[in-house]
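Asker: Attaching a predicted model along with its sequence, questions to come.
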Amino acid sequence: MSTESLNPLVIAQKQIKKACDILGVEESVYELLKEPMRVLEVSIPVQMDDGSIKVFKGYRSQHNDALGPTKGGIRFHPDVTLDEVKALSMWMTFKCGVVGLPYGGAKGGVVVNPKELSNDELQRLSRGYIRAIASIIGPEKDIPAPDVGTNAQIMAWMVDEYNKIVGYNSPAVITGKPLIYGGSKGRVAATGYGVALMAREAVKRLNMDFKDCTVAIQGFGNVGSHAGLSLKRLGAKIIAVSDVYGGIYNEKGIDAEKLVEHVNKTGTVCNFEGTTPITNEELLTMKVDILVLAALENQITSANANEVKAKIICEGANGPTTPEADKILSEKGVFVVPDILANSGGVIVSYFEWVQNLMNYCWTEKEVEERQEIMMVNAFNSIYDLAQQYKVDMRTAAYMISIKRVYEAMKVRGWL
Ligand code: NAD
């Protein structure tokens, strides 16, 4: 039986250690990076609609602020754990570092199933969470954003609550806000658009033609659906999609726009006209050119990596592939675009939103998309070149670039 650990903190530590060893940096660098610099655990009392009080557990983890204030989303999910929040904050440090943003990594989480709350309860919980962590966040300290289970509306409530606490308007405290309340054009689609751009760059490097490529997408929420729409726009053919309820398949192609309409109406990709049902496991091991992972962690493990038939895996989700699976995929010659690069579009446009808020100025959607593309393609090329030079996979090369940046910042600040 496999002894593979699926604890995201253990996985993040392994990834950092591997890159530190190849870079040959002092042991103290790994010691500094293997745990967050600060973690706050909070209990949030919320008045429910029936008048009772329910107490929810929440966390905010700030991993490393050598490069600038920390940044990272807030997850509302029943499976949130302290180790998961810590790991996600660590991945954020390296995601910001890899594309050259002036941020460190953070993440927040509340143990809750938001679908079980009424709108009013959700608002009270969102405001309560911000009151609980207000002392450690701020535009120059730590800037939250949406993640799984949270959205622009929740960010608006949170900013409003923060503004009440500090006594002035501070839109730059949180990104991923609604457009009317300081959001950036292009933010909602940014992560999925970036995933599609990175798939396109990988296809180029493998000398394939994007127009002939078939795609399977696991997860059709914010990231998966926008990846699907952008992949279609760039010319690829989506033949399979899944969500938590199941999967669908059509070898002739699935229209991403119509599928979005179907999901908006029914809440799932299942039963989409002209498709046949498949399981999630079948989707992951399907014969396609590009497999987009846009659901949750630990989807490709030592248990199924051998069965993967895709030529390219593009990680829209955080941590969908375990280190053991990475080894197997690398031996099989599968080209993996790692999460810290592939899904960095979200934090890049969050950074643009923060910059626009601080300038009190708005960019056009075209400006946002063009700047995002330049940043991500430059990062892809640097990682690809380093991977070739050191004969390592794209993930290791991405960590090497990022750890080197964080290391140099820590050095110049006199921490080492
Ligand atoms: P979301 O909640 O909008 O969508 C998640 C999707 O995954 C849904 O379609 C859900 O049904 C599906 N799903 C959940 N469990 C599944 C399972 N076991 N099998 C198949 N499908 C499953 O969330 P999102 O914002 O799209 O985030 C998805 C992933 O991308 C997460 O790992 C998140 O951390 C990461 N991410 C999101 C952003 C962003 O801007 N939203 C940015 C960077 C990374």
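Answerer: Great, that's in hand.
Asker: So G68 lies in a helix, does it not?
Answerer: No. Remark: G68 does not belong to a helix; assigned using DSSP: H, G, I helix; E, B strand; the rest coil, it is coil.
Asker: tell me which element whichever residue of the stretch 51-200 of the chain sits closest to the ligand falls in.
Answerer: Closest approach between the stretch 51-200 of the chain and the ligand, counting by Cβ to the nearest ligand atom: T191, at 3.7 Å. All C-beta spots, glycine's among them, are computed from the backbone N, C-alpha and C. When secondary structure is defined using DSSP states H and E, the element that contains T191 is helix 187-205.
Asker: what is the rounded mean pLDDT of the helix or strand following that helix?
Answerer: Toward the C-terminus, helix 187-205 is succeeded by strand 214-218 as the next helix or strand (DSSP H and E). Strand 214-218 shows a mean pLDDT of 98.
Asker: go on, stretch 304-314?
Answerer: 98.
Asker: Please compute how far the lowest-mean-pLDDT helix or strand in the chain lies from its chain's middle.
Answerer: Least confident helix or strand of the chain, by mean pLDDT, DSSP states H and E, is helix 8-23 with a mean of 93. When C-alpha coordinates are averaged (Cα atoms, centre = their mean, to the nearest Å), helix 8-23 and its chain have centres 18 Å apart.
Asker: Isn't the residue of the stretch 51-200 of the chain closest to the ligand up against V223?
Answerer: Yes. Under the criterion of Cβ atoms under 8 Å, T191 is in contact with V223, at a separation of 4.8 Å.
Asker: Need the overlap of contacts for these two.
Answerer: Each of G316, N343, G346 lies in contact with both T191 and V223 under the rule Cβ atoms under 8 Å, 6 or more residues apart in numbering.
Asker: Keep those residues, but drop any that are not near the ligand.
Answerer: Applying Cβ under 6 Å from any ligand atom to the shared contacts of T191 and V223, one finds that G316, N343, G346 fall near the ligand.
Asker: circling back: okay if I get the shared contacts of T191 and V223 as a markdown table plus neighbour count?
Answerer: Conversion of the shared contacts of T191 and V223 to a markdown table gives the following (neighbours: other Cβ atoms under 10 Å):
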| residue | neighbour count |
| --- | --- |
| G316 | 31 |
| N343 | 28 |
| G346 | 29 |
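Asker: coming back round to it: what angle do the helix holding T191 and strand 214-218 make?
Answerer: Calculated by axes from the mean of the first three to the mean of the last three Cα atoms, to 10 degrees, helix 187-205 forms an angle of 140 degrees with strand 214-218.
Asker: So which elements touch helix 187-205?
Answerer: Packing partners of helix 187-205 (3 or more Cβ pairs under 8 Å, 6 or more residues apart in numbering; DSSP states H and E): helix 222-234, strand 290-293, strand 312-315, strand 335-337, helix 339-342, helix 345-359, helix 365-390.
Asker: and the first one, what's its mean pLDDT?
Answerer: Taken as a whole, helix 222-234 has a mean pLDDT of 96.
Asker: and I74, what element?
Answerer: Assigned by DSSP H and E, I74 belongs to strand 70-77.
Asker: now check the next helix or strand after that strand, is it near the ligand?
Answerer: The element immediately downstream of strand 70-77 (helix or strand, assigned by DSSP H and E) is helix 82-99. No. For helix 82-99 and the ligand, the contact criterion (Cβ under 6 Å from any ligand atom) is not met; the two come no nearer than 7.0 Å.
Asker: Just the buried residues of helix 82-99, please?
Answerer: Going by neighbour count (16 or more other Cβ atoms under 10 Å), the buried part of helix 82-99 is 83-99.
Asker: Where does pLDDT dip in the protein?
Answerer: Within the chain, the ranges that satisfy pLDDT under 70 run 1-2.
Asker: of all the residues in it, which ones are close to the ligand?
Answerer: The chain comes close to the ligand at residues 147-148, 191, 218-224, 242-244, 280, 294-296, 316-318, 343, 346, as judged by Cβ under 6 Å from any ligand atom.
Asker: Pull out the buried members of the residues you listed.
Answerer: Under a neighbour-count criterion of 16+ other Cβ under 10 Å, the subset of the residues of the chain next to the ligand counted as buried comprises 147-148, 191, 218-224, 242-243, 280, 294-296, 316-318, 343, 346.
Asker: How about this protein: which residue is closest to the ligand?
Answerer: Here the residue of the chain nearest the ligand is G221; by Cβ to the nearest ligand atom that distance is 1.8 Å.
Asker: State the distance from that residue to S242.
Answerer: Taking Cβ to Cβ, to the nearest Å as the criterion, G221 is separated from S242 by 11 Å.
Asker: what touches both of those two?
Answerer: With contacts taken as Cβ under 8 Å, 6+ apart, the residues that reach both G221 and S242 are A295.
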